[in-house]
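**Student:** no sequence for this one, just the structure:
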């Protein structure tokens, strides 16, 4: 009976909770027969100084915001999946001597030391032994090796996130990585999709990039810039407050502010973002797979910047579109489809986290 209880607990869906620098996003999905239905979602802005460059400055405000989202959606479950990103996380594909999973679990700390720029005692480590294609020779010969995806997250960052969630009255059941959350919800919508797909999530302070080859993550990178770069450039260029610059960035007409100047600053920052994304894919092509990405999907609030899709497409020379994490999911009655369409780009990571189960 106890075993059955814990198996049911493992299979119970979690609430996806994406705590970003400018917003908190919550998504609740229900799975039946391999298909997902969006049952609830909510998002709320944070004060600009609550989380600065990934550092939490006002944990009580963040906890209050999380609590308000649960109250708004009236979700009974308080078990959540959260994620981390940025400088506190390292994701790296490495080759290690061939061994089984139990052996690797016992030696991963030793194996990881040369790849992690932190003290091993200061990080949580996880790994995934990756499948190899038929033309991959790493599994052959007397010195056989296997590809392993190594993930390290700083303990203090994870503890900080868990503390805020618990202060809000919820419980963390899974800790993931932003880029993998996006990968999960992309797969839920499109399966393997194109042979090589780039997922680019532009948050307020971090851009997550995940390149999928035949539906499996082959390369990830976090870039320390995001939607706040637009706001900061407008703020400096026009000598206005951060909040006024944020409103101007979103297209709101503000007395005394030239909209054409704002648009020009947005386009200049678009070029900067497109160049950084382009350099990442150039690196992937030249050193990781020697292959061209077929298509890129943009998500996150920064993806809605005017003209960014076109600039990234021009820089990469491939199709680029805004990712809708609910494109092929069922939508529960009571959710306004037009409002959801506007909110969807913000919700990719939270939706991916909502597909997680304990132990998967």
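**Tutor:** Thanks, I have the structure now. Keep in mind it's a predicted model, so treat the numbers as computed, not measured.
**Student:** just for the stretch 251-360 of the chain, where's the confidence low?
**Tutor:** Segments of the stretch 251-360 of the chain classed as low confidence (criterion: pLDDT under 70) are 288-290.
**Student:** try the stretch 1-150 of the chain
**Tutor:** Residues of the stretch 1-150 of the chain that meet the criterion pLDDT under 70 lie in 1-11, 132-143.
**Student:** contacting residues for the residue sitting nearest the centre point of the chain?
**Tutor:** Among the residues of the chain, the smallest C-alpha distance to the mean C-alpha position (C-alpha atoms, centre = their mean) belongs to residue 178, namely 2.7 Å. With contacts taken as C-beta atoms under 8 Å, 6 or more residues apart in numbering, residue 178 has the following neighbours: 18, 83-85, 201, 203, 206, 208, 222, 349. All C-beta atoms are positioned from the backbone trio N, CA, C, and that covers glycine.
**Student:** which residues touch stretch 49-69?
**Tutor:** With C-beta under 8 Å, 6+ apart, stretch 49-69 has contacts from 17, 19-22, 24, 26, 42-44, 46-47, 85-88, 157, 160, 163-165, 167-170, 205-206, 224.
**Student:** Okay, helices next: where are they in the stretch 151-300 of the chain?
**Tutor:** Assigned helices in the stretch 151-300 of the chain, in chain order: 155-167, 178-190, 227-238, 242-249, 259-283 (criterion: DSSP state H, counting those that start in this stretch).
**Student:** so of the ones you listed, which one's packed in deepest?
**Tutor:** helix 178-190 (a mean of 24; mean count of other C-beta atoms under 10 Å).
**Student:** In contact with residue 298, which residues?
**Tutor:** 200-202, 308-309, 312, 320-323, 345.
**Student:** Most neighbours out of these, which is it?
**Tutor:** Greatest neighbour count in the contacts of residue 298, by other C-beta atoms under 10 Å, goes to residue 201: 31 neighbours.
**Student:** need the strands for the stretch 1-150 of the chain, in chain order.
**Tutor:** Under the criterion DSSP state E, counting those that start in this stretch, the stretch 1-150 of the chain carries strands at the ranges 15-19, 23-32, 35-45, 51-52, 55-56, 79-84, 89-97, 123-129, 145-154.
**Student:** For residue 103, find the nearest of those.
**Tutor:** In this view, these are compared for proximity to residue 103 by C-beta to C-beta, and strand 89-97 is the closest at 9.3 Å.
**Student:** what's the angle between that closest one and strand 145-154?
**Tutor:** If you take axes from the mean of the first three to the mean of the last three C-alpha atoms, to 10 degrees, strand 89-97 sits at 150 degrees to strand 145-154.
**Student:** residues in contact with strand 89-97?
**Tutor:** Counting by C-beta under 8 Å, 6+ apart, 104, 111, 115-118, 123, 130, 138, 143-154, 157, 177, 179, 218-220, 222 sit against strand 89-97.
**Student:** which residues are in contact with stretch 309-325?
**Tutor:** By C-beta under 8 Å, 6+ apart, the list of residues contacting stretch 309-325 reads 182, 185-186, 189, 199-200, 267, 270-271, 273-275, 277-278, 281, 292-299, 303-304, 341, 344-345, 347-348, 351-352.
**Student:** Okay, now that stretch: how far is its last residue from its first?
**Tutor:** In terms of C-alpha to C-alpha, to the nearest Å, the two terminal residues of stretch 309-325 are separated by 17 Å.
**Student:** Could you check how far that stretch is from the centre of its chain?
**Tutor:** On the basis of C-alpha atoms, centre = their mean, to the nearest Å, stretch 309-325 sits 18 Å off its chain's mean C-alpha point.
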